[in-house]
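Trainee: Need the 3D shape of this:
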Amino acid sequence: MSLVAFNPLEHRGIPLNDQLRNWGQLDVAPVDPDTSDPYTKCRIIAMNGIEVEAIMFSHHFNRVCPDLEVKQQLAQVRNIEQQQQKVVNWLLPGQASVLETTISYEQVAVDLTGWVARQEPDPHLKQAYQFGLLEDFDHLYRYANLYEMIEHRKAEKIIDQLTEAIPGRPTRLHHRHPIDNVREPYDREAAAPISRLHALTIMAAEQQTMNFYMNVGPMYMEPIARQLYQEIGLVEEEHVTHYESLVDPGETWWERLVNHEYNECYLYYSFMQTETDPRIKGIWELHLNMELEHLRIACDLMRRHDGRDPEQVLAPSLPEPVTFEPNKQLVRELLATQIDWTTLGTGYVQEAHRRFEEYQDKINAERPPSDQVMEDHQHKFGEEYRLETEGPHPVPSMRQNRYQ
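Mentor: This next block holds a predicted model:
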């Protein structure tokens, strides 16, 4: 069946009562960190973020829902979502260090956001993704230098030649007054279905990155590592605010429920189409068949409690599959044109403004860790670490082999 013809609303998945797996079925073998495709790890990390968002959304819904029967239905689906999350996240290799997994997280942020930015039809949403992309790109560069400094390995071991590691918008400039991190939402009545899926996907991915750094940051003994995770972890909170504010708050709980389930179908189907590891592809296919049933249940709930047909808000068929692929040209174009941007209110400006400068003066009163890690790396190795595959940095002032 072709992708264009695949409408999740027309397919029945595995009955919910048949989806529960035992411990042996949940105990999946992890991928090999040395031989697996870097983008297989990216798909695992992305789907973990999607599942975590689905679970947390269901919990939030449970807390405000007065209907016992609905709460019980949510609990049954959520139980299976928990099993899916465990399988997906446990595919990550235990022998990989936290920092190696972190670098893969940032590769997800760069290449998933880059792909979404290229596909997004709404100029306002596209700009939001482009803006955040340049910041996650710089995080990858900072963590890559930390990685060589404390583990004596190079980031190309993890990201291959698929994503570059060069300076983006400097991390010290990511710290903005909180009110300048809030964007205008899309209009639920006018937004294309793909725009709603994009917003939900990137919000979920950034939320999981924020959660990951919140938890793993203090596990390092090295002070500079603890400090860098703390700084970038704070930026990820800004990013979650930035992306979650794109979603129309006027969407009903039922509408949000079907959007979450539809998006899970979309991403599992996408990764099933593009996965290079046959074993992992089988997991994406199994989970897709589970999600088709979750979507059917959500649609029934929407019809009963919202009085609307899900077809009013969902795409009639799945869009083109989400694809992990290099985004080097896009990133370099954005580096050349938007590296000096910041935000003011709900918009973007190229010049620093008073509120931005006052916030910067306070939070950067002491040297930010993202600058210190570069200075420490240069002191130790005589130069910074970069992975440049496409020639010199597009910004001439950033071509010097010193920290930015």
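Trainee: Distance-wise, check Val98 relative to Ala225.
Mentor: When distances are taken as CB to CB, to the nearest Å, Val98 and Ala225 turn out to be 9 Å apart. (C-beta placed from N, C-alpha, C; glycine too.)
Trainee: Which of the two has more residues huddled nearby?
Mentor: Ala225 (24 against 15; other CB atoms under 10 Å).
Trainee: What residues of the helix or strand where the more buried one lies count as buried?
Mentor: Assigning secondary structure by DSSP states H and E places Ala225 in helix 223-244. Burial within helix 223-244, assessed by neighbour count using 16 or more other CB atoms under 10 Å, is assigned to 224-225, 227-229, 231-233, 235-244.
Trainee: Ok, stretch 153-167 next?
Mentor: In terms of neighbour count (16+ other CB under 10 Å), stretch 153-167 has its buried residues at 155-156, 158-159, 162-167.
Trainee: How about the contacts made by Asp136?
Mentor: With contacts defined as CB atoms under 8 Å, 6 or more residues apart in numbering, the neighbours of Asp136 are 106, 109-110, 113, 168, 239.
Trainee: My error: substitute Leu318 in the last question.
Mentor: The neighbourhood of Leu318, defined by CB under 8 Å, 6+ apart, consists of 3, 6-8, 265-266, 269-270.
Trainee: which of the residues you listed are buried?
Mentor: Using 16+ other CB under 10 Å, the buried ones in the contacts of Leu318 are 8, 265-266, 269-270.
Trainee: Counting only helices, which of those residues make the cut?
Mentor: The subset of the buried ones among the contacts of Leu318 located in helices under the criterion DSSP state H comprises 265-266, 269-270.
Trainee: Pipe those residues into CSV and attach distance to Val313 and pLDDT per row.
Mentor: Conversion of those to CSV gives the following (distance: CB to CB, whole Å; pLDDT from 0 to 100):
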residue, distance to Val313, pLDDT
Cys265, 14, 98
Tyr266, 14, 97
Tyr269, 19, 97
Ser270, 20, 97
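Trainee: Quick check, central residue of this structure?
Mentor: Against the mean C-alpha coordinate of the chain, by CA atoms, centre = their mean, the closest residue is Ala205 at 2.3 Å.
Trainee: which one is that one nearest to, not counting chain neighbours?
Mentor: On the basis of CB to CB, 6 or more residues apart in numbering, the spatially nearest residue to Ala205 that is not a chain neighbour turns out to be Gly49, at 4.5 Å.
Trainee: and that neighbour, helix, strand or coil?
Mentor: Using DSSP: H, G, I helix; E, B strand; the rest coil, the structure places Gly49 in helix.
Trainee: okay, now it: neighbour count?
Mentor: Taking other CB under 10 Å as the criterion, the count of residues near Gly49 is 29.
Trainee: Now do the contacts for Pro319.
Mentor: Listed by CB under 8 Å, 6+ apart, the contact set of Pro319 reads 119, 193-194, 197, 266.
Trainee: give me that answer again for 7 Å
Mentor: The contact partners of Pro319, by CB atoms under 7 Å, 6 or more residues apart in numbering, come to Ile194.
Trainee: Are we agreed that it is in a strand?
Mentor: No: in this structure, Pro319 is coil, not part of a strand, as judged by three-state DSSP.
Trainee: For it, what are phi and psi?
Mentor: phi -70, psi -180 (degrees, to the nearest 10).
Trainee: Could I get the pLDDT score of it?
Mentor: Note on Pro319: pLDDT of 92.
Trainee: Ok, Phe6 next?
Mentor: The score at Phe6 is 84. That number is its pLDDT.
Trainee: hey, where'd the helices end up in the stretch 251-400 of the chain?
Mentor: Shown for the stretch 251-400 of the chain, the helices assigned by DSSP state H, counting those that start in this stretch span residues 253-274, 278-306, 328-338, 354-363, 369-381.
Trainee: For the fourth one, list every residue counted as buried.
Mentor: To tie it back to what came earlier, the one meant is helix 354-363. Within helix 354-363, the residues that qualify as buried by neighbour count (16+ other CB under 10 Å) are 355-356, 360.
Trainee: how about these in TSV, adding pLDDT and distance to Ala315?
Mentor: What follows is the buried residues of helix 354-363, written out as TSV (pLDDT from 0 to 100; distance: CB to CB, whole Å):
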residue	pLDDT	distance to Ala315
Arg355	98	39
Phe356	98	38
Gln360	98	42
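Trainee: Can you tell me which of those is nearest Met290?
Mentor: Phe356 (45.7 Å; CB to CB).
Trainee: Contact partners for the residue nearest to Ala205?
Mentor: Counting by CB under 7 Å, 6+ apart, Gly49 touches 204-205, 207-208.
Trainee: from the ones in helices among the buried ones among the contacts of Leu318, which two are the most distant?
Mentor: Using CB to CB, these span at most 9.5 Å, a distance reached by Cys265 and Ser270.
Trainee: Just give the nearest non-adjacent residue to Pro121, would you?
Mentor: The shortest distance from Pro121 to any residue that is not its chain neighbour, by CB to CB, 6+ apart, is 5.5 Å, and that residue is Ala192.
Trainee: so how far is Ala298 from the closest residue to Val235 other than its chain neighbours?
Mentor: Counting by CB to CB, 6+ apart, His174 is the residue found nearest to Val235 once chain neighbours are left out, at 4.5 Å. Relative to Ala298, His174 is positioned 36 Å away (CB to CB).
Trainee: circling back to that earlier point, dump the ones in helices among the buried ones among the contacts of Leu318 to JSON lines, plus distance to Trp90.
Mentor: As requested, these are arranged in JSON lines below (distance: CB to CB, whole Å):
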{"residue": "Cys265", "distance to Trp90": "22"}
{"residue": "Tyr266", "distance to Trp90": "23"}
{"residue": "Tyr269", "distance to Trp90": "22"}
{"residue": "Ser270", "distance to Trp90": "21"}
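Trainee: which of the residues you listed lies closest to Val182?
Mentor: For Val182, the nearest member of those is Tyr266. The distance, counting by CB to CB, is 26.8 Å.
Trainee: Contacts only, for the closest one.
Mentor: 197, 318.
Trainee: Report the separation between it and His174.
Mentor: In this structure, Tyr266 and His174 are 30 Å apart, going by CB to CB.
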